[in-house]
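Q: Sharing a model prediction with you, sequence too.
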Amino acid sequence: MSKKTQKLLLQVQRDEAESLAIYTILARKEKLPKNKKILASIAADEKKHYKMLREITGKDVKSRSWRVQKYIMISRILGLTFGLKLMELWEADAQIMYKKLWKSYPEVQKILEDEEKHEKELIDMLHEAKLWYMGSVVLGLNDALVELTWALAGFTFAIQNSRSIALIGLITGISASFSMAASEFLSQRQEDGEDTKEALVSATYTWFAYIGTVAFLIAPYLLLSNPFHALGATLLIALSIIGLFNFYISVAKDYNFKKRFTEMACISLWVALVSFCIGWFVKTYLWLEI
């Protein structure tokens, strides 16, 4: 075995040791029996992979505790599905190393097949409230981005006073958030029959997504005196929110990030442009000012 090959083998062995530690800790902390069973099953696969590689290298490898803790923290805060799929996504280099090794070591091909198929299928079976109610989050986030961005764009040209725009935008946003939450509650009640608890949780997710987006979009008008600078900052924040949210959903649900981000960003910016023109028209031709 060459030094280069040994180095590659030890790298993938360390990856397996770290994955084993991550899945074992998450399985131990998980409360839902179904999720606990799935995580324990994946941990067993990782342990088997580690032993196969140890037989080839003849060495034990320690995991990096900082990396283990990083993925555990991400999984606990942002959800198991997102955390684990993000880990698999960022391990593309490991799969390249596996493919370099499998011609010399057929066992490595079996490990790669498990990684690409079996573990992905198991992760997709995880049951999470964060993903159950993602539709409600999308509703609140998308409506807040489109409605409030266009409203702020229109207010900016019509009013041209940052504090006044912030006040009107805040009132508009808070009122709309409760209206949207109520609509989601009634919609879910109609779909789920008499399940008031599920409908209430969906409405709460929608409200938090909406009001959180409102807070971020209005912040520039409270911090910047020039309303046009504030509008520019708001548009950048809107694009950042769209990017972060679509990255999350594309990882957790295997969606196309570029397509979803482009679609949502174009809709928001187009509506903002139309609203800005409406504000200009109202101020210029209808002589309505504050």
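A: The structure has been received and is ready for your questions. Residues are numbered from 1 along each chain as shown.

Q: SS state for the most centrally placed residue in the chain?
A: In the chain, the centroid-proximal residue (C-alpha atoms, centre = their mean) is Y248; its distance is 1.7 Å. Secondary structure state of Y248, per DSSP: H, G, I helix; E, B strand; the rest coil, is helix.

Q: thinking it is in contact with K85, fair?
A: No. Using C-beta atoms under 8 Å, Y248 makes no contact with K85, being 10.3 Å away. All C-beta spots, glycine's among them, are computed from the backbone N, C-alpha and C.

Q: what pLDDT does the residue nearest to the centre of the chain get?
A: At Y248, the pLDDT value in this model is 81.

Q: so what's it up against?
A: Y248 makes contact with L78, F82 under the criterion C-beta atoms under 8 Å, 6 or more residues apart in numbering.

Q: how far away is it from W207?
A: 19 Å (C-beta to C-beta, to the nearest Å).

Q: Could you do S136 as well?
A: S136 is 9 Å from W207, by C-beta to C-beta.

Q: the more surrounded of the two?
A: S136 (25 against 20; other C-beta atoms under 10 Å).

Q: In which helix or strand does the more buried one reside?
A: helix 134-159 (DSSP states H and E).

Q: Mind giving me the packing neighbours of that helix?
A: For helix 134-159, the packing partners by 3 or more C-beta pairs under 8 Å, 6 or more residues apart in numbering; DSSP states H and E come out as helix 162-192, helix 196-223, helix 227-253, helix 257-285.

Q: which one of those lies closest to G79?
A: Of all the helices and strands packed on helix 134-159, helix 227-253 sits nearest to G79, with 6.7 Å by C-beta to C-beta.

Q: Can you pull the domain assignment for the chain?
A: 3-127, 133-285 (automatic domain parsing).

Q: So, low pLDDT: which residues of the chain?
A: Along the chain, the model assigns pLDDT under 70 to residues 1, 90-106, 115-133, 135, 191-195, 272, 275-276, 279-280, 282-290.

Q: try 50
A: For the chain, no stretch is flagged by pLDDT under 50.

Q: residues touching S63, list them.
A: Here S63 is in contact with R14, A17, E18, L20, A21 (C-beta under 8 Å, 6+ apart).

Q: Find the nearest non-adjacent residue to the third one, please.
A: Beyond its immediate neighbours in the sequence, the residue positioned closest to E18 (C-beta to C-beta, 6 or more residues apart in numbering) is S63, lying 4.1 Å away.

Q: Now do the SS call for that neighbour.
A: Secondary structure state of S63, per three-state DSSP, is coil.

Q: buried residues in whatever helix or strand R28 lives in?
A: Counting by DSSP H and E, the element that carries R28 is helix 3-29. Buried positions in helix 3-29, judged by neighbour count with 16 or more other C-beta atoms under 10 Å: 8-9, 12-27.

Q: repeat for stretch 214-230
A: Of all the residues in stretch 214-230, those buried under the rule 16+ other C-beta under 10 Å are V214, F216, L217, I218, P220, Y221, L224, P227, A230.
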